[in-house]
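S.K.: return a 3D structure for these sequence lines:
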Amino acid sequence: MAPTPTKVAAKPAAAKPKTAKGDLKKRPRKRNSELGNGIVRFSKTKMFHKKAVYRFIGKKTPKTVKPKKRVSIIKKIGGEKNGGTRVVFLKKRKAFYPTQDKMPKTSYKKCFSKHVRNTRSILEPGRILILLAGRHKGKRVVLVKVLPSGLLLVSGPFRYNGCPLRRISQRYVIGTSAKLDISSVTVPEHLNDLYFKKNKKSSKRSVKRKEGEDIFSAKKEKYAASEERKADQKTVDLALLKVIRKNPDRKVLKQYFKSMFGLRSSQYPHRMKF
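M.R.: Prediction:
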């Protein structure tokens, strides 16, 4: 007969390390569990009885009245003409009283002109930008300087793409990797926000209408650039053109400024490197 196999004694299981009572936090048991797709195990009426809400309906807890701290006491005073009693404060009051009340500090709003302007790090003077809004959208322009209002002063140059000196918000601009060294270009100091401010004409008519004249005959005046604007445009453009002509890639830059930016099918700007 074959010898019967002897059973090997099982090894004792390793004891779990004991943890302190404060280490493990007891998780709160949920009375109602979710079965899936927003369906719960117990209905609203079942939970009403499980939680014993009916015991607390119509129950009113009495309001606890806190005892007030005594501020003063009444002391008896001798003498016939002193009234017999006097109110004495337990805590001595201040001996100094200001003649004027201090004005409380109120929150105030800063004017828009006093706000701190933050521009993107790529928007430096001389950077070539792509305009995304306005009548000159799609054109490549040169960033001349950042104005105190936070707007960007850009120029075409006008000779290449017809974009004059104008302001634009940094939201409507794409900054490219191309940059010109315009350290030698001196921008006139009067080219600021006030320079581009429009003169709003009063709604009242300065000249009286003649008798029998048609109301709808008056037409809006077309915008015409002043001589000062034209002179400033020439000075800035001449300085920018000198910088472009000194650049070794002047032929490519000239065509780059003249061409318009656009997207075709399956072209996404967030995947492009400008």
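S.K.: show me where the stretch 1-150 of the chain dips below the pLDDT cut-off.
M.R.: Under the criterion pLDDT under 70, the flagged ranges of the stretch 1-150 of the chain are 1-26.
S.K.: what about the helices in it?
M.R.: Taking DSSP state H, counting those that start in this stretch, the helices of the stretch 1-150 of the chain run over residues 44-50.
S.K.: what of the stretch 151-274 of the chain?
M.R.: 158-161, 227-246, 250-258.
S.K.: out of the ones you listed, deepest packed?
M.R.: Ranked by mean neighbour count, those are led by helix 158-161 with a mean of 18 (mean count of other CB atoms under 10 Å). The C-beta positions use only the backbone N, C-alpha and C, and glycine is treated the same way.
S.K.: quick one: list the elements packing against that helix.
M.R.: In terms of contacts (3 or more CB pairs under 8 Å, 6 or more residues apart in numbering; DSSP states H and E), helix 158-161 is packed against helix 227-246, helix 250-258.
S.K.: pull the contacting residues for Ala239.
M.R.: Ala239 sits next to 182, 184-186 when contact means CB atoms under 8 Å, 6 or more residues apart in numbering.
S.K.: could you single out the nearest of the residues you listed to Asn247?
M.R.: Nearest to Asn247 out of the contacts of Ala239 is Ile182 (CB to CB; 11.1 Å).
S.K.: hang on, that closest one packs against Leu153?
M.R.: No - shown here, Ile182 and Leu153 do not form a contact pair, counting by CB atoms under 8 Å, at 11.9 Å.
S.K.: show me whatever sits in contact with both of the two.
M.R.: Common neighbours of Ile182 and Leu153 (criterion: CB under 8 Å, 6+ apart): Val144.
S.K.: and Val40, how far from Lys30?
M.R.: Applying CB to CB, to the nearest Å, the value for Val40 to Lys30 is 10 Å.
S.K.: of those two, who's got more company?
M.R.: Remark: of Val40 and Lys30, Val40 carries more neighbours, 14 against 9, as counted by other CB atoms under 10 Å.
S.K.: pLDDT and neighbour count for the contacts of Ala239 - can I get that in CSV?
M.R.: Compiled in CSV, the contacts of Ala239 are given as follows (pLDDT from 0 to 100; neighbours: other CB atoms under 10 Å):
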residue, pLDDT, neighbour count
Ile182, 91, 22
Ser184, 89, 9
Val185, 89, 19
Thr186, 89, 10
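S.K.: dump the residue contacts of Thr85.
M.R.: Taking CB under 8 Å, 6+ apart, we find Thr85 in contact with 74-77.
S.K.: Leu241 now?
M.R.: Counting by CB under 8 Å, 6+ apart, Leu241 makes contact with 157, 159.
S.K.: now the residue nearest the centre of the chain. Nearest residue, chain neighbours left out?
M.R.: The centroid of the chain falls nearest to Asn118 when counting by CA atoms, centre = their mean (11.1 Å). Nearest non-adjacent residue to Asn118, counting by CB to CB, 6 or more residues apart in numbering: Gly150, 7.8 Å away.
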